[in-house]
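> what would the 3D arrangement of this be:
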Amino acid sequence: MPSYFKLIHFQRLLSFIVLLGMVAGGGAALYLREELRTSYPETPAGIIEIPRGLRARDIAGLLEDRRVIRNRYVALAYILYAGARNKLQAGEYQFDRPMTVPEVIQKIVSGAVYLHKFTVPEGLTVRETARKWEEQKFGTAQEFLDAANDALDSLRRSEPGATSLEGYLFPETYSFPARTTAREAVEAMLVGLQRAIENLKKAVPQTDWPLSIRETVILASLVETEAAHDDERGLVASVYLNRLQRKILLQCDPTVIYALELANQYRGRLTRDDLQFRSPYNTYVNSGLPPGPIANPGYESLVAAVQPASTKLLFFVRTVEGRHTFSETLAAHNRAVAAYRRLRDRG
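Residues are numbered from 1 along each chain as shown. Model prediction:
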């Protein structure tokens, strides 16, 4: 074949190859664009954990294997295009609806990890809170207790008299990412109480508080363990404050229970002998407030401690459904106790 015809043949072949590449490239671009626009999958994938140290290609492969995305190569191409290769963050992610590849990658880049709820009711002790930590499968109760002991030094900087974190682990529902340590949880709860105290100061000027911050937390812990209804918290606080002012023993049953529990001697109900139990927390034998809180009070009990009801009440007795009968005199209190006993005996 003459060289001229060979040249023409080569040029046609080259043109065909270029055209074929353009067509293929255009098809690939259309495919890629469609894949990036399409939400996937039809069935939510649930919670996926991305371990630390995983490379971008491995993350794309994991997402495909767990059916979060359809094509790992499309995801990897988008990661490279978006400059997200070194921005993907480890952690647990919840994929509870179909998402496009850009939405999936953006979620991982932003670190919008799945948060686990840790719920702590009001009125628990540190030991009871530690059991909640274990029950809700965050870690062991002992790990939590160890973390609470380790954090005591930081509390003593603001409260030199503190002997434990009792009363300072603010009860509420916290949101923690996977693998949150007990120490991190304890620190979050300490910050929770600090935030509550700041809110108290905004609601009621500290100059109007009847007690210091530490005494307020102690009183609030007594209110928390006695009052089951919000509308009685201010009344319970007023009883204890009136007794403090008159230098009358507080005679708070929960302080005796707390003292017995510290000594591992509480048997589920108080006896007359228990009321004479030797402990600085026993307010039947020691005047004034106990040396520290006996439980972790909630915000409503803290409010009651800084803004109690204005009364002359000195006594109360629990009756039905967690409610109390309040009295100003011992005679009226004795009548209330007798009335409750008659009601109880008839029941």
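
> could you use CA atoms for every contact and neighbour count after this?
OK.

> and the spatially closest residue to Leu260 that is not a sequence neighbour, what helix or strand is that in?
Spatial nearest neighbour of Leu260, excluding adjacent residues (C-alpha to C-alpha, 6 or more residues apart in numbering): Tyr266 at 4.9 Å. Assessed by DSSP states H and E, Tyr266 sits outside every helix and strand.

> pLDDT below threshold where in the stretch 1-150 of the chain?
Low-confidence segments of the stretch 1-150 of the chain (pLDDT under 70): 1-28.

> swap in 80 and give it another go.
Along the stretch 1-150 of the chain, segments meeting pLDDT under 80 span 1-32, 42-43.

> show me where it has helices.
Here the stretch 1-150 of the chain has its helices, by DSSP state H, counting those that start in this stretch, at 3-37, 56-65, 72-81, 101-110, 126-135, 141-150.

> show me what the third one is in contact with.
Contacts of helix 72-81 with the rest of the structure, by C-alpha atoms under 8 Å, 6 or more residues apart in numbering, involve 32, 35-36, 56-57, 60-61, 63-64, 69, 85, 101-102, 105.

> one more time with 7 Å, if that's ok
32, 57, 60-61, 64, 85, 101 (C-alpha atoms under 7 Å, 6 or more residues apart in numbering).

> cool, the last one as well?
Residues from elsewhere that reach helix 141-150, judged by C-alpha under 7 Å, 6+ apart: 130-131, 133-134, 165, 182-183, 186.

> what is the most widely separated pair among these?
The distance between the two most remote of the contacts of helix 141-150 (C-alpha to C-alpha) is 18.1 Å, for Glu134 and Leu165.

> more neighbours: which of the two?
Comparing Glu134 with Leu165 by other C-alpha atoms under 10 Å, the one with more neighbours is Leu165, at 24 against 16.

> beta partners of the residue nearest the centre of the chain?
A centroid search over the chain (C-alpha atoms, centre = their mean) returns Tyr174, at 1.9 Å, as the residue closest to the centre. With DSSP bridges as the criterion, Tyr174 is bridged to Phe118.

> now it: how far from Val120?
Distance from Tyr174 to Val120, counting by C-alpha to C-alpha, to the nearest Å: 8 Å.

> try Thr325
Distance of Thr325 to Val120, computed by C-alpha to C-alpha: 29 Å.

> contacts only, for the residue nearest to Arg66 when sequence neighbours are not counted.
Once flanking residues are discounted, Arg66 sits nearest to Ala45: 6.8 Å by C-alpha to C-alpha, 6+ apart. Contacts for Ala45 were tallied using C-alpha under 7 Å, 6+ apart; they are 66-68, 95-96.

> most neighbours, which of those?
Val68 (28 neighbours).

> report the contact partners of it.
Contacts of Val68 (C-alpha under 7 Å, 6+ apart): 40-41, 45.

> now those residues in CSV, with distance to Asp274?
Output for the contacts of Val68, formatted as CSV (distance: C-alpha to C-alpha, whole Å):
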residue, distance to Asp274
Tyr40, 65
Pro41, 64
Ala45, 57
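
> where's Arg323 relative to Val236, distance?
Note on Arg323: its distance to Val236, by C-alpha to C-alpha, is 11 Å.

> neighbour count winner among those two?
Taking other C-alpha under 10 Å, Arg323 and Val236 do not tie; Val236 has more neighbours (29 against 16).

> just say helix, strand or coil for that one.
helix (DSSP: H, G, I helix; E, B strand; the rest coil).

> now the strands for the protein?
46-50, 91-95, 115-119, 173-177, 315-318, 324-327 (DSSP state E).

> let me have those strands in JSON lines, adding distance to Val109 as columns.
Putting the strands of the chain into JSON lines (distance: least, C-alpha to C-alpha, whole Å) gives the following:
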{"stretch": "strand 46-50", "distance to Val109": "12"}
{"stretch": "strand 91-95", "distance to Val109": "11"}
{"stretch": "strand 115-119", "distance to Val109": "16"}
{"stretch": "strand 173-177", "distance to Val109": "16"}
{"stretch": "strand 315-318", "distance to Val109": "56"}
{"stretch": "strand 324-327", "distance to Val109": "55"}
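
> tell me which of these lies nearest to Arg341.
Comparing these by their distance to Arg341 (C-alpha to C-alpha), the top pick is strand 315-318, with 10.6 Å.

> please name every helix or strand in contact with the closest one.
Identification of packing neighbours for strand 315-318 by 3 or more C-alpha pairs under 7 Å, 6 or more residues apart in numbering; DSSP states H and E yields strand 324-327, helix 330-346.

> at 10 Å what do you get?
Strand 315-318 sits against helix 230-246, strand 324-327, helix 330-346, with contacts defined as 3 or more C-alpha pairs under 10 Å, 6 or more residues apart in numbering; DSSP states H and E.
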